[in-house]
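Chemist: For reference, the sequence and a predicted model appear below.
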Amino acid sequence: QVQLVESGGGLVQAGGSLRLSCAASGGTLGGDAMGWFRQAPGKEREFVAAISWSGGSILYTDSVKGRFTISRDNAKNTVYLQMNSLKPEDTAVYYCALASAVRVVRTTPDYWGQGTQVTVSS
């Protein structure tokens, strides 16, 4: 059973930066795509970014393009989300996800983390 543990959330002022990390463990890891989702209060969970095992395929939702960067370190089984120029509307619980391919992690991930809170004050 794969476990995903996020870290790095917190409170930041608008315009600031945060870096989220998600460490994967357990199961049989290797070749998987990983991604990030977020859920704001009263809203549905939405896709944020995804990255393939090799890093050669990366997707972002339009609202974070140019501000967020997803990356991964396969030796550490860890995916990162560098968030710059944060806005109050980025406030949400951010979830890590894992699946067999980028197109799958974007829609129906196999595994989820427990989430980490990001709060951006105006």
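Modeler: Structure received.
Chemist: pretty sure residue 57 is touching residue 35, no?
Modeler: No: using C-beta atoms under 8 Å, residue 57 makes no contact with residue 35, being 11.1 Å away. The C-beta positions use only the backbone N, C-alpha and C, and glycine is treated the same way.
Chemist: which neighbours do those two share?
Modeler: Listed as contacting both residue 57 and residue 35 by C-beta atoms under 8 Å, 6 or more residues apart in numbering are 51, 102.
Chemist: higher neighbour count, those two?
Modeler: Neighbours per residue (other C-beta atoms under 10 Å) separate residue 57 from residue 35, with residue 35 holding more: 27 against 13.
Chemist: Please name every helix or strand in contact with the helix or strand harbouring that one.
Modeler: Per DSSP states H and E: residue 35 is located in strand 33-39. The contact analysis (3 or more C-beta pairs under 8 Å, 6 or more residues apart in numbering; DSSP states H and E) places strand 33-39 against strand 18-25, strand 46-51, strand 68-73, strand 78-83, strand 92-99, helix 102-105.
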